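[1] no letters, just coordinates:
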């Protein structure tokens, strides 16, 4: 009888078990894209840290991702150095995202809401993402957009013209 009671107490815990998995750093990336009237460019970071929490059914419940601002490479050391200055990377060295809610809209689509923390400002954002499973590996791929002004970042100028306010972000998180 005693073992039956213990089993009844443990069973709900096992049914709601969660797994926290570190992201695959060598396969995950975040890329930003910006525009100026004279040219457009992208910068990519492949140096992400993060954790994905899934439930017993393998559904994604929470995500937390962190990247050093200095890890983004636009293939122009001058542009990267100037961008680090503009976003005050010594004062605000990281950019991070932590989910508040993740909803499966269908088997391969997610609606994600969370907090983007950049340049000392925390802002709630939402976006859709695609889920791809290949064997034991899972990828979440998506896009979002944010505005520099929403994070109190003064838009840099080139030839007396400021860059666009909009920053497009593309990501792939793999675990």
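    Yep, that arrived. This structure is a prediction, so every number in the text was calculated from the model and none was measured.
[2] dihedrals phi and psi, residue 71?
    phi -80, psi -10 (degrees, to the nearest 10).
[3] same check, this time on the one 10 residues further on
    When quoted as degrees, to the nearest 10, the phi and psi of residue 81 stand at phi -60, psi -40.
[4] next: the one 3 residues further on.
    With angles defined as degrees, to the nearest 10, residue 84 shows backbone torsions of phi -60, psi -40.
[5] before we move on, what SS does the nearest residue to it once chain neighbours are set aside have?
    Using CB to CB, 6 or more residues apart in numbering and skipping the chain neighbours, the partner closest in space to residue 84 is residue 70 (6.1 Å). For the C-beta atoms, the positions are set from N, CA and C on the backbone; glycine is no exception. Assigned with DSSP: H, G, I helix; E, B strand; the rest coil, residue 70 falls in the helix class.
[6] my read is that residue 70 contacts residue 83, right?
    No. Using CB atoms under 8 Å, residue 70 is not in contact with residue 83; the gap is 9.6 Å.
[7] those two - which one has more neighbours?
    Shown here are residue 70 and residue 83; by other CB atoms under 10 Å, residue 83 has more neighbours (22 against 17).
[8] packing partners of the strand or helix carrying that one?
    Using DSSP states H and E, residue 83 maps to helix 77-86. Helices and strands touching helix 77-86, by 3 or more CB pairs under 8 Å, 6 or more residues apart in numbering; DSSP states H and E, are strand 39-45.
[9] okay, the angle between the strand it packs on and helix 77-86?
    70 degrees (axes from the mean of the first three to the mean of the last three CA atoms, to 10 degrees).
[10] output the contacting helices and strands for strand 39-45.
    strand 29-36, helix 77-86.
[11] pLDDT of that strand, averaged?
    Mean per-residue pLDDT for strand 39-45: 94.
[12] list of residues touching whatever helix or strand comes next after it?
    Next along the chain after strand 39-45, taking DSSP H and E as the criterion, comes strand 48-55. Identification of contacts with strand 48-55 by CB atoms under 8 Å, 6 or more residues apart in numbering yields 16-23, 25, 28-30, 60-67, 138, 173, 175.
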